[in-house]
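Undergrad: have a look; sequence and predicted model below, questions after that.
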Amino acid sequence: MAGKLRAYVRLLALYGRMDLNWMLQDSVTVIIILISETLQNLSSMAGVLLLAVRFGGVGSLSADEVLFMLGFYELASGLCFMLFGNFNVMHISRRLGRGQLDHMLIQPRPLLLQLATEGFMPFTGCHGLIIGVILTWIALARLELALTPGWFLLLAYYVVIHMALQIAQTALYGASALWRPVACEEISTMILDLNQQLGKFPLAGLQGWLMAALHTVLPVGLLAYLPALALLRGLGKGIGLTLPLAVASVFMAAAIICMKKGLKHYEIYSCNRYKDMGHRN
Amino acid sequence: MRRYMRAGFATMKLCLKEKSYFGFFNQLAQYLLQAAALGAMLMIWRSLFAQGADTQGMTLNQLYVYTILSTVLAPLLNVHTPASGWLHDGTMLGLYLRPSGVFAQLAAHTVGGWVMRLACLSLPVAAVAALCGVDLRPASMLFFVSLPLAVAQGFAVDYLFACLLIRLRNLEWCVHSLRQALTSLLTGSLIPFAVLPWGLGNVLQMSPLGTLAGAPLSIYAGLAEPWPVIAAQLLWNAVLWPLAVVCFAASQERMVSYGG
């Protein structure tokens, strides 16, 4: 166990150093990328926020509460992106569908360890996290909320749930690329885009069945809306605490089962999409 | 003329076929994603009206029409030619080997790509909306003047982004992010300018990006006076097209491709 942990930390440090090297060697490119991605992050939130400002809130949330919800989403998804965003680890269906799993299978490291570490980009991938922290901080200051150690623990809990849901969903749906490499190459992108689009909406006012669906089958409500209610209005007890964990666990278990089955299929049929000249068909 | 038309239709067909390369499932998932985003936006409008927000005379039907039409006509309101992707993967170079202009080929390919989406997503969405009681009739017939102007301007803007991509040494993802950031809010495709706070909408409505999606949609939904908006569209077409042609000509020698 200690050996595995050491290997994990060593690999994280390695990928962190590689990320720093890239930033130092091609600073202009990195700066352009950081600016454009920061703008994209901000503009994706601006719509809901502007509506909240214009109408004094959306659904049952006030403008400041909407700002907190958006900040939480950015914080959690930014952390997820920083840990798993590089080399298409989050967009796992691309790696699987393009037949790039072979590149990993020949490495002298377990597959899981590679996936857990190679997406790490602490320098070029931290912009979402920074934006999230700033927005959350501003919202908290405006809301004048009493912050306790228990509140921060709850915040950490919902951040972990958010990350687990994003990773589990991308892996669950992405596993289909092991069977249908071309058709499902971009399926992880689609599910992440869906989360990105719907996860930032205050869902209050929806019909009951739709609300239930958006908190279980398609759990976009658990990414920011429910956590925001829990952290701001004390819903972090009972179902507000257990439902996210239960849903995340179910998705995680389903992802593991589907990945294992898919890998068995891949061992037999493989996926060769590269031509001799190096281009992909 | 007939030869050019035939070449144009052949390119459109080529693109239509290419859209199915990734399979029907892929295509369907993309449409479902867009339909889900539309649903979310409609829910927001409904909840805003339910909470009794002061919408300054705008009706719920107007906002519904605006939002539904922004999905139904999305590819026409935010024109995406394959230029950026083709610059990155090298396909662009092949266009110079064909006996037709590069702009014309890109335009024909883009129009071909609209067909499947309009048939599989736009028509069903419009039909469902009408069945659900949304009054989809246009507030002004000048919409049919504004829409072609918006499409023409969209092509010019897309070519300018392609030039930017060439200048930025093929940083496709970066230009994509930048474009997403600018177009999602500044074109008015997501939120009508009329509901933006602090009078932002009045400024954006006349801007080069604001006259893309915001112009025809606002005219259709009756959220803006048609003539000033159309005048702004004419102006920006007159400015952006020559700029796009000059920039593209100047950028051609700088094209670099990775392939693969």
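TA: Arrived safely.
Undergrad: which stretches in chain A count as helices?
TA: Assigned by DSSP state H, chain A shows helices spanning A:2-25, A:27-55, A:63-84, A:92-97, A:101-105, A:111-117, A:127-143, A:149-174, A:187-198, A:208-213, A:225-233, A:239-269.
Undergrad: show me where the chain dips below the pLDDT cut-off.
TA: You didn't pick a chain, so chain A it is. In the predicted model, chain A carries pLDDT under 70 at residues A:236, A:277-279, A:281.
Undergrad: my bad, the chain I had in mind was chain B
TA: In chain B, residues with pLDDT under 70: B:1, B:3-4, B:8, B:12-26, B:258-260.
Undergrad: find the residue at the geometric middle of it.
TA: Closest residue to the average C-alpha location of chain B: residue B:78 at 1.4 Å, with Cα atoms, centre = their mean.
Undergrad: separation between it and residue B:87?
TA: Between residue B:78 and residue B:87 the distance is 19 Å, computed by Cβ to Cβ, to the nearest Å. For the C-beta atoms, the positions are set from N, CA and C on the backbone; glycine is no exception.
Undergrad: residue numbers of the stretch 51-200 of chain A in contact with chain B?
TA: Within the stretch 51-200 of chain A, the residues that sit near chain B (Cβ under 8 Å from any Cβ of the partner chain) are A:51, A:53-59, A:180, A:182-187, A:190, A:193-194, A:197-198.
Undergrad: rerun at 6 Å
TA: Counting by Cβ under 6 Å from any Cβ of the partner chain, the stretch 51-200 of chain A comes close to chain B at A:53-55, A:59, A:183, A:190, A:194, A:197-198.
Undergrad: to residue B:239, which of the helices of chain A lies closest?
TA: Proximity to residue B:239 (Cβ to Cβ) singles out helix A:27-55 among the helices of chain A, at 23.6 Å.
Undergrad: tell me what the closest one is packed against?
TA: Applying 3 or more Cβ pairs under 6 Å, 6 or more residues apart in numbering or on different chains; DSSP states H and E, we find helix A:27-55 packed against helix A:63-84, helix A:127-143, helix B:172-186.
Undergrad: among those, which is the most enclosed?
TA: Sort the helices and strands packed on helix A:27-55 by mean neighbour count, taking mean count of other Cβ atoms under 10 Å in any protein chain shown, and helix A:63-84 sits at the top with a mean of 25.
Undergrad: which strands and helices sit next to it?
TA: Using 3+ Cβ pairs under 6 Å, 6+ apart, helix A:63-84 sits against helix A:27-55, helix A:127-143, helix A:149-174, helix A:225-233.
Undergrad: adding distance to residue A:216, write those out as CSV.
TA: Listed next are these as CSV, based on distance: least, Cβ to Cβ, whole Å:
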stretch, distance to residue A:216
helix A:27-55, 23
helix A:127-143, 25
helix A:149-174, 11
helix A:225-233, 11
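Undergrad: tell me which of the ones you listed sits most buried.
TA: Highest mean neighbour count among the helices and strands packed on helix A:63-84 (mean count of other Cβ under 10 Å): helix A:225-233, a mean of 22.
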